[in-house]
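**Student:** no FASTA, just this:
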C-alpha cells in the first residue's frame, strides 16, 4: 500500500481550504508539519511570539472572511496563542489555531510538557479537540474551518500529537470537499412584524454592528436608510459599514461617556439593530430604561439582556432582510434632526486640525491620520486612549478600514495585525496606531515585517503611561497611580530592526512624515508625543452636555 506523511496530508487539507498563510513558530514536536509547508502553496510567516501569530491570524480572518491559521508547538507555545484566540472569538472572527501535543504514547501520564490544552482552549473557542489518529485529519480540519467560518464566526483549536503528525497514512486519504453554509432567507412573517413596528414608530434609529460588515451589507444598509430616511449609527467594530460622509450617518457609539451620538438614541422609540452583537457595546447605554422596541436583524438569535428586549427578531441574510423591509414599509422618516450631531463631530475634528501644540493634542493626531490615509486604506487602533480617540472621531467610509478590538479589548494586537492586514490587502496602505504601552507588548514583530518585506507604518502615541487607565482613574478616583513607565528611544529602536524611525518635534511635522512613511515601501515607526490632558477636557465637556444643539 502506498503511503503519505500525515503532516503532508494536513498541509493538503489546508491547501484545500484556500489557506494562503500560516503564522507561527516551529517546535520540536511539529517539525514534519512545518517542513511539509515548504513544498506547498502556503507561505509560512515565522513570527517572534505566538501571541503575534494569533493576532495576525485574527486580522487576516477579519479582513478576508476566511479563517486565518496560527501554528505553535505544544505547551508554552500553544498557551501563548490563547490571547489572540480569545480575541478572535469575542470579536466574531474566524481563526483556526493548530498546535502540537505530546505523543499518544505518554499523554495519559505525567510527563515532560504535558498539559491539557484542549481543556484550556474550550472556553475561548467554538470548538476544540485533539486529533486521535492521522486518519481523522481530513474530517477534523474540514470541521474546524466550517465551524470557524459559520455565523457567528470565531476561533477553533486543533491539537495534533507528535506521533500522529509523524505517522504514515494511506495515500488514498484526501481533503474533504468544501461546503459553504449560506445564510437563510428571512421569514416572511417576521419581516411583516418588523415592518409593522417600523411603520408605527415615532422616531426609529439604526445601529449597525460588526455582523453587518461580515455580511457585506453596506449597500443594503445605505438603501434601507435612504428609502426610509433613517439615521444610522455604528458600533466601533462596525465603523465604515455605513459611510460617515453620508447625510444619514450619525457616527459611532462606544465611548465611555454620553457622547454626541448617544443623543440620537435618547429620543428614539425603536432601535433597528443590524448585525449588532452585545459584546461590541453594552445596550444599557442606549436603552437605559429598557423601554425601546428592538428589531434584531442578524443571522443569529439575540443574546438575552434586560436592556435588549427584542420585539422582533429577523434571522437570516442581512442584505435580503434590509431590502425586503425597505420595500415593505410605506413611510418615510426625517433624519434631518441628527444633522447637528454629525456637524459637531466634524467641527471637533476640524478644530483638532488647527491645534499646533507640542506634545500634540489627540484631535490633531486623528485629523492628520485622516488626511494622510485614503478612503480604502486600513488603520488598526490599538486598545487604550488611542482607541477612544480614533473610534469616536476618525471618519470611515468603507468597511474594515478602522479595526479595533472591542470584544475583548486586547492590547498589543495592532502591530502584528498590521502585518496580516497588508498581506490580506497588499494594494492598500496600512497604519498601526498604538499607544506606547501596547506597542511594546508585541513590538518584536517589527523584525517579522522587515524580514518578510511587509511594508507597514506604526504610529506610536507616546505619553510614557497607560493613558486610558490614567483617564479612568482621574475620572473615578480624582487621581492616578501605578500607570507611568519609561520608554526606549523609539527611533533607534526601530532602526535596530532595520526599519525607519521618525520623531515628531512639532505639530507641523506629523502630516508630511505620515505621508512620507506611508509612501515608502518599507517598515516605518513614527513616535509622536501626545498631550492627554485633553482626555479630561473632553469628558468634562461631554459630562456638562445636556443637549447636542
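**Tutor:** Yep, that arrived. The structure presented is a predicted model; accordingly, all values stated were derived computationally and were not measured.
**Student:** Mind listing residues that contact stretch 275-285?
**Tutor:** Residues outside stretch 275-285 that contact it (CB atoms under 8 Å, 6 or more residues apart in numbering): 90-92, 152, 207-215, 217, 235-238, 241, 253-254, 258, 262, 296-298, 302-303, 305, 307-308, 318, 406-407. All C-beta atoms are positioned from the backbone trio N, CA, C, and that covers glycine.
**Student:** Just the buried residues from the residues you listed, in ChimeraX please.
**Tutor:** Those of the contacts of stretch 275-285 that count as buried under 16 or more other CB atoms under 10 Å are selected in ChimeraX with:
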select :90,91,92,152,207,208,209,210,211,212,213,214,215,217,235,236,237,238,241,253,254,258,262,296,297,298,302,307,308,318,406,407
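**Student:** what's the burial count for residue 503?
**Tutor:** Residues lying near residue 503 (other CB atoms under 10 Å) number 17.
**Student:** tell me the contacts of it?
**Tutor:** Counted by CB under 8 Å, 6+ apart, residue 503 has contacts 490, 491, 526, 527.
**Student:** between these, which is nearest residue 414?
**Tutor:** Checking those against residue 414 by CB to CB gives residue 526 as the nearest, at 13.4 Å.
**Student:** before we move on, what SS does that closest one have?
**Tutor:** strand (DSSP: H, G, I helix; E, B strand; the rest coil).
**Student:** if I pick it, what's in contact with it?
**Tutor:** 457, 458, 459, 460, 501, 502, 503, 504, 510, 513, 514, 517.
**Student:** and residue 160, what are its bridge partners?
**Tutor:** Applying DSSP bridges to residue 160 gives these bridge partners: residue 100.
**Student:** Let me know whether it touches residue 10 as I believe.
**Tutor:** Yes: using CB atoms under 8 Å, residue 160 is in contact with residue 10, at 7.2 Å.
**Student:** shared neighbours of the two, anything?
**Tutor:** Joint contacts of residue 160 and residue 10 (CB under 8 Å, 6+ apart) are 33, 137.
**Student:** for the record, mean pLDDT for stretch 324-344?
**Tutor:** The predicted model assigns stretch 324-344 a mean pLDDT of 85.
**Student:** Give me the contacts around that stretch.
**Tutor:** 186, 191-192, 194-195, 198-199, 201, 203-204, 223-225, 227-231, 247-251, 260-261, 263-264, 314, 548-549.
**Student:** list the buried ones in it?
**Tutor:** For stretch 324-344, a neighbour-count test (16+ other CB under 10 Å) marks 324, 325, 326, 329, 333, 335, 338, 341, 342, 344 as buried.
**Student:** Among the residues you listed, which one sits closest to residue 465?
**Tutor:** Distances from residue 465 to the buried residues of stretch 324-344, taken by CB to CB, are shortest for residue 344, at 28.8 Å.
**Student:** and the next element down the chain from the host helix or strand of that closest one?
**Tutor:** According to DSSP states H and E, residue 344 maps onto helix 339-352. The helix or strand immediately downstream of helix 339-352 is helix 362-372, counting by DSSP H and E.
**Student:** gap between that next one and the chain center?
**Tutor:** Offset of helix 362-372 from its chain centre (CA atoms, centre = their mean, to the nearest Å): 21 Å.
**Student:** which residues are in contact with that helix?
**Tutor:** Helix 362-372 is touched from outside by 348-353, 355-357, 379, 385-386, 389-390, 393-395, 431, 433, 459, 461, 507, 510-511, 514-515, 518, 528, 530-532, 534-535, with contacts defined as CB under 8 Å, 6+ apart.
**Student:** Just the mean pLDDT for the following helix or strand past that helix, thanks.
**Tutor:** Next helix or strand after helix 362-372 toward the C-terminus (DSSP H and E): strand 378-381. Averaging pLDDT along strand 378-381 yields 98.
**Student:** same question, stretch 40-51
**Tutor:** For stretch 40-51, the mean per-residue pLDDT is 98.
**Student:** Identify each buried residue in it, please.
**Tutor:** Applying 16+ other CB under 10 Å to stretch 40-51 flags 42, 44, 45, 47, 48, 49, 50, 51 as buried.
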